[in-house]
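**Q** Structure for the following, please:
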Amino acid sequence: IWFSEDDYLRQRQTKSVLCLPLIKQGTLTGVLYLENSLAPAVFTSSRLAVLELLASQAAISLDNARLYADLAQLNAELTQENRDRRSAEEALRASEQRLQDIIDHTSAVIFVKDLELNYLLVNREFERRHNVRRDEIRGKDGFDIHPYEVAEAIRANDVRVIETGAPIQFEEVVPSKEGNRSYICLKFLLRDRNGKPYAVCGIATDIT
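**A** Sure thing, here's the model as predicted:
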């Protein structure tokens, strides 16, 4: 009676209408709407009991479908994120390799140390002059390759660069298998995009 004047129902000549909420754990997830244009009062109490059972199952199915859809979306996002991360890592490795190739083809001795003054990177000339391999020196400090007094003097210069934050040029004497070698070494801080220092770089030229 309430909806007998509804334009939609009049055009459809609907005789019976049933609308059931789809509820799961107290949350409305949808609505089950049924109409019949053949006979009035077709949705009897016995049929309603069956439809209520179907409605509860439909509510569960709809909720599960949403969960599966959310899971699929999350999986797609994680997959793309992993692809982006792999691409970024590959680009970083390529950039690092280019940097290594450049510094390996210079006659200067080049090294990079972290702020704890452990070696992060050395070039081929450094390996040749100090008779070490880069994979052996990485993570170690100057005391692992120089006599104590020499390592102490070099470390003092590194600390001064860190404390002042400015590039400084030093003359350093380092022993080698050919005897003592004198170097002019320019040392400076490497900084991230926010200006925070993260390493000390040194470029040394033999002036013996």
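
**Q** Count residues in the vicinity of residue 9, would you?
**A** 15 (other C-beta atoms under 10 Å). Yep, even glycine has a C-beta here, placed from its N, CA and C like the rest.

**Q** Please report how far it lies from residue 194.
**A** According to C-beta to C-beta, to the nearest Å, residue 9 stands 66 Å off from residue 194.

**Q** Residue 189 is in contact with residue 163, isn't it?
**A** No: counting by C-beta atoms under 8 Å, residue 163 is not a contact partner of residue 189; they are 10.4 Å apart.

**Q** quick one, which of these two is more surrounded?
**A** Under the criterion of other C-beta under 10 Å, the comparison of residue 189 against residue 163 puts residue 189 first, with 18 against 8.

**Q** now the more buried one, what's its secondary structure?
**A** What DSSP: H, G, I helix; E, B strand; the rest coil gives for residue 189 is strand.

**Q** How about the one 4 residues further on?
**A** Local secondary structure at residue 193 is given as coil here, using three-state DSSP.

**Q** Give me the neighbour count for it.
**A** Residue 193, neighbours per other C-beta under 10 Å, totals 5.

**Q** How about the contacts made by it?
**A** By C-beta atoms under 8 Å, 6 or more residues apart in numbering, the contact set of residue 193 is empty.

**Q** Torsion angles phi and psi at it?
**A** Backbone geometry at residue 193, expressed as degrees, to the nearest 10, gives phi -60, psi -20.

**Q** And the one 3 residues further on, by the same measure?
**A** Per-residue torsions, residue 196: phi -80, psi 130 (degrees, to the nearest 10).

**Q** who's in contact with it?
**A** Applying C-beta under 8 Å, 6+ apart to residue 196 gives no contacts.

**Q** Any buried residues in stretch 13-31, and which?
**A** For stretch 13-31, burial by neighbour count (16 or more other C-beta atoms under 10 Å) applies to 14, 17, 20, 22, 24, 29, 30.

**Q** let me fix that: stretch 85-104
**A** residue 103.

**Q** mean confidence score for that stretch?
**A** For stretch 85-104, mean pLDDT rounds to 81.

**Q** swap in stretch 54-65?
**A** Mean predicted confidence for stretch 54-65 is 80.

**Q** Give me the contacts around that stretch.
**A** 20, 21, 22, 23, 24, 29, 30, 32.

**Q** could you say what helices and strands the host helix or strand of residue 161 packs with?
**A** Element membership for residue 161 (DSSP states H and E) is helix 148-164. Packing partners of helix 148-164 (3 or more C-beta pairs under 8 Å, 6 or more residues apart in numbering; DSSP states H and E): strand 168-176, strand 179-191, strand 197-206.
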